[in-house]
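**Q** Build me a model from this:
(one chain, ligands or ions: 1)
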Amino acid sequence: MVDMALVSGLVGTLKTAMDIGQTLKEINDLSQVRDKVIEMQGLILNAQSSAMTAQTQLFEVLHENSELKKKVSSVDEWKTTADRYRLVDFGAGTFAYELKEEAANGEPIHRLCPVCFGKQSRSYLQFQGVTSSRQDLFRCLPCGQDYFFGTKQVVSHPRVNRKPTSSWLD
Ligand SMILES: [Zn+2]
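**A** From the prediction side, this is the model:
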């Protein structure tokens, strides 16, 4: 940030130097003129130093401004992308972002990783197969997270009644 006290101090110093310059016309004593010139030079050097500090601060502000503009632009860009998706519950609280049909623009409907989405990254979930509990298994390749979508179903296996024909207890 530009220090405004520094800038107003700089202006005040230059004004004092100019006031001294105005009085020089009325002074006839050469030694007094020399003293006033030395005083003016001191003030001008001081003002020059303040001007350089203010200029450095101004460059910092301009750099910060440029960085902020880049951030705003990237946030706007992500918002446009994120608006094309909605969070969907694929059953029993298993969530992922899914492309809205009305925003598909020819892309196939797909799911995005909610973790990567939170980091403003569009990572596609890749279908891996159906689990033994009838859930769809998807994987996010960039972050390696597995997602099980749908209600977990208990698959009953037919019981095998094995009655021992003989036992070592017999
Ligand atoms: Zn991910």
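**Q** Give me the distance from stretch 72-87 to the chain's centre.
**A** Distance of stretch 72-87 from its chain centroid, counting by CA atoms, centre = their mean, to the nearest Å, is 13 Å.
**Q** And that stretch, what's buried?
**A** 84-85 (16 or more other CB atoms under 10 Å). (C-beta placed from N, C-alpha, C; glycine too.)
**Q** avg pLDDT for that stretch?
**A** Mean pLDDT, stretch 72-87: 97.
**Q** what about residue 129, which helix or strand?
**A** Element membership for residue 129 (DSSP states H and E) is strand 125-130.
**Q** repeat for residue 86
**A** Following DSSP H and E, one finds residue 86 within strand 85-89.
**Q** Would you mind pulling the contact partners of that strand?
**A** By CB atoms under 8 Å, 6 or more residues apart in numbering, the surrounding residues in contact with strand 85-89 are 95-100, 103, 111-112, 114, 117.
**Q** Isn't residue 114 up against residue 95?
**A** Yes: the criterion here is CB atoms under 8 Å, and residue 114 meets it with residue 95 at 5.8 Å.
**Q** how about the strands in this structure?
**A** 85-89, 95-99, 111-112, 125-130, 136-140, 146-149 (DSSP state E).
**Q** and the lowest-mean-pLDDT helix or strand in the chain, which residues are buried?
**A** When each helix and strand of the chain is scored by mean pLDDT, DSSP states H and E, helix 4-24 comes last, with a mean of 88. Within helix 4-24, the residues that count as buried by 16+ other CB under 10 Å are 7, 10, 13-14, 17, 20.
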